[in-house]
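Undergrad: predicted model and sequence follow; I will ask about them next.
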Amino acid sequence: MREFILFESRLFLKEKKTWTLVAFLIVGLIGLIFYIPYQGVGHIPQKLAIDILNNTANMYEFSEIEAEDPLIRPSYENVLFQQRLIARQDVFHRFDQPEKYIETGIELAELRIEGHEQGFKGMNSRYLISIEQAQKDQAFYQYLADRQLLIQDDGQNGATYVAEAMKFTGIGLFFVALLLSGDILTKEDDHRSLAKSLPLANRKKVTTKLIVYTLLPWLGTVTLISGFTGIMSGLFETGNFFYPIILYANTQFQGISTLLYIGLFMGYSLVLFLHVGLLTLVLNQVTKNMYLTLFIGSVLYFLPYIIPSTFSLHYLLPFSYYNLTDVLNGTLAEKLHPAIDYMSGLSVLLASSLLLLVVFGWLQHSQKRMKEKGGGNR
């Protein structure tokens, strides 16, 4: 079995598509180095400027007559108080008072949540911070306050980079796994003479393929993200790996450390690579065609965005969890079902992987019996 693992690993590393995907990932990770300062990720002055502009636009929505309307007055007062809190945050930041900046941030987030609960009557939603973003801000500032951490003024550091790198790769990680393992069974036809030279039971060969196509892509992803995080830390600074990242879990947003987020991301991505490997085994067994396997897999990825949100069982479907980034940040929970979160993702992917394993075993057994029956008839 060791020889077959080495054989499959060499085949994997010789594939042009492997190195093409590596090249694309490297280009994306290099782009993130420039994306962070360009978009002002973690840059407080830019965030405050955007908040001030949006809130000013909100204030222009009200006329003097509307502001006195009993139905609209609460929304007007809420937006007016928001403006004052944003101004306070600006002052606290300028005069280096991080504790008060964080306290005001919590108050501002709570005020926005309250405004959404009241309905923000008479407002244009285009200029409003969404209730989900307000909940994320509340969790973020509360995490800082509870652990007495200082607000980070600039995102050009290793800790911020690894967080952005995981968000970037999490969107397309399913496709990386799908493209790499799309010919997990059909490839053997191209190397049948070599495969036959290694005497190994079919079940062990399939297990070996699954191990290789799960671990090597996962290790490659971890290595690339780690390497570029080290480069970013060397170019700028390491940053604080205990700084909060917002995770959607247990049907709510909560702040966790960057270190814990890294661990959760790597664990989920390993399960996702395993699941996709089993999915392609089944699809290869049924279709006998790599391109059809890739097509069906791609359709499954986008299916949750096509099925109406009124469908109540979204959280039980494995393909609802293929976009890792949208699962972790709560986007899919907001669009489809509140139960779609990290733990349900792990549970559903593992359970469906076990089901795929059973289906694959049944398919192989059925096809073997059909061949034996056909041979007996001859």
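TA: Arrived safely.

Undergrad: which residues of the protein fall in strands?
TA: For the chain, applying DSSP state E gives strands covering 244-249, 252-257.

Undergrad: ranking these by burial, who's on top?
TA: strand 244-249 (a mean of 23; mean count of other C-beta atoms under 10 Å). Where C-beta positions appear, they are placed from N, C-alpha and C, glycine not excepted.

Undergrad: thinking again about what came up before, of the strands of the chain, which is nearest Ser312?
TA: Nearest to Ser312 among the strands of the chain is strand 244-249; the distance by C-beta to C-beta comes to 19.0 Å.

Undergrad: could you give me the average pLDDT of the closest one?
TA: Strand 244-249 carries an average pLDDT of 94.

Undergrad: show residues contacting that strand.
TA: By C-beta atoms under 8 Å, 6 or more residues apart in numbering, the residues outside strand 244-249 that reach it are 136, 139-140, 143-144, 149, 163, 253-258, 261, 264, 327-330, 333, 341-343.

Undergrad: about what we covered before: a markdown table for the strands of the chain, including distance to Pro74?
TA: Supplementary listing: the strands of the chain in a markdown table, determined by distance: least, C-beta to C-beta, whole Å:
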| stretch | distance to Pro74 |
| --- | --- |
| strand 244-249 | 28 |
| strand 252-257 | 25 |
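
Undergrad: picking up where we left off before, show me just the buried residues among the contacts of strand 244-249.
TA: If you count burial by 16 or more other C-beta atoms under 10 Å, the buried members of the contacts of strand 244-249 come out as 136, 139-140, 143-144, 149, 163, 253-258, 261, 264, 327-330, 333, 341-342.

Undergrad: how does this structure divide into domains?
TA: Following automatic domain parsing, the chain resolves into domains at 2-39+155-377, 44-146.

Undergrad: for the last one, what is the distance to the chain centroid?
TA: It refers to domain 44-146. Here domain 44-146 shows a centroid-to-chain-centroid distance of 28 Å under the convention C-alpha atoms, centre = their mean, to the nearest Å.

Undergrad: tally of neighbours for Glu117?
TA: Neighbourhood size, Glu117 [other C-beta atoms under 10 Å]: 9.

Undergrad: quick one: it from Ser125, how far?
TA: 15 Å (C-beta to C-beta, to the nearest Å).

Undergrad: how about Gln138?
TA: 19 Å.

Undergrad: quick one: which of those two has more around it?
TA: Counted by other C-beta under 10 Å, Gln138 and Ser125 do not tie: Gln138 has more neighbours, with 21 against 8.

Undergrad: which stretches in the stretch 251-378 of the chain count as helices?
TA: 258-287, 290-306, 324-328, 331-335, 342-377 (DSSP state H, counting those that start in this stretch).

Undergrad: dump the ones you listed into CSV; add distance to Gly28 and mean pLDDT as well.
TA: Output for those, formatted as CSV (distance: least, C-beta to C-beta, whole Å; pLDDT from 0 to 100):
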stretch, distance to Gly28, mean pLDDT
helix 258-287, 16, 95
helix 290-306, 18, 94
helix 324-328, 13, 95
helix 331-335, 20, 91
helix 342-377, 23, 86
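
Undergrad: out of these, nearest to Val27?
TA: When the helices of the stretch 251-378 of the chain are compared for distance to Val27 using C-beta to C-beta, the nearest one is helix 324-328, at 18.4 Å.

Undergrad: which other helices and strands contact that closest one?
TA: helix 158-181, strand 244-249, helix 258-287, helix 331-335, helix 342-377 (3 or more C-beta pairs under 8 Å, 6 or more residues apart in numbering; DSSP states H and E).

Undergrad: any chance of these in TSV, plus distance to Val41?
TA: Compiled in TSV, those are given as follows (distance: least, C-beta to C-beta, whole Å):
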stretch	distance to Val41
helix 158-181	6
strand 244-249	12
helix 258-287	13
helix 331-335	18
helix 342-377	22
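
Undergrad: thank you, goodbye.
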